[in-house]
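Peer 1: Requesting a structural model of the entry that follows:
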Amino acid sequence: QVQLVESGGGLVQAGGSLSLSCAASGRTFIRSYAMGWLRQAPGKEREFVAGIGRSGGSTFYADSVKGRFTISRDNAKNTVTLQMNTLKPEDTAVYYCAAARIATMRNDGYDYWGQGTQVTVSS
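Peer 2: The predicted structure is shown next:
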């Protein structure tokens with residue numbers, strides 16, 4: 001079973017930065033999976049934010065975060081990071097780390113999910 005744990009969420013002012021981390025635990029080795037970050041704001045559906053291929057050689061982003069967010073991975077450390085810069089109030093959401101067998105921007109393409117971490121951006 002794939003076990004993912006997010007950390008690094010919190011409260012930040014608009015224009016600020018946060019770094020989210022996702023660690024795989026137990027017998028989980030993320031090198032076998034494409035990884036992604038998705039988010040869900042209150043009253044809204046969960047949406048794709050950023051994804052990265054198994055080797056880290058390919059990354060892809062939602063238009064709303066391009067140029068502001070960067071996804072990266074360290075397979076040796078079994079971690080995935082989302083660096084978020086120039087944050088906006090509309091980035092406020094619960095952010096989820098997820099694993100997929102094939103790199104995808106589709107919510108339903110992810111097979112395993114973490115419990116989520118709250119990011120709140122104040123104006």
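Peer 1: which residues does the residue nearest to the spatial centre of the chain bridge with?
Peer 2: Computing the C-alpha centroid of the chain and ranking residues by CA atoms, centre = their mean puts residue 37 first, at 2.3 Å. Note on residue 37: beta-bridge partners residue 50, residue 97, judged by DSSP bridges.
Peer 1: Which pLDDT does the model give it?
Peer 2: pLDDT recorded at residue 37 is 98.
Peer 1: So it is in contact with residue 49, correct?
Peer 2: Yes - with contact defined as CB atoms under 8 Å, residue 37 counts as touching residue 49 (4.5 Å). (Glycine included, C-beta is placed from N, CA and C.)
Peer 1: Mutual contacts of the two, please.
Peer 2: 82, 95 (CB atoms under 8 Å, 6 or more residues apart in numbering).
Peer 1: one step back: next up, the contacts around the residue nearest to the centre of the chain.
Peer 2: Residue 37 is in contact with 20, 22, 49-51, 71, 80, 82, 95-98, counting by CB under 8 Å, 6+ apart.
Peer 1: Look up how far residue 63 lies from it.
Peer 2: Using CB to CB, to the nearest Å, residue 37 is found at 15 Å from residue 63.
Peer 1: likewise residue 27?
Peer 2: Distance from residue 27 to residue 63, counting by CB to CB: 36 Å.
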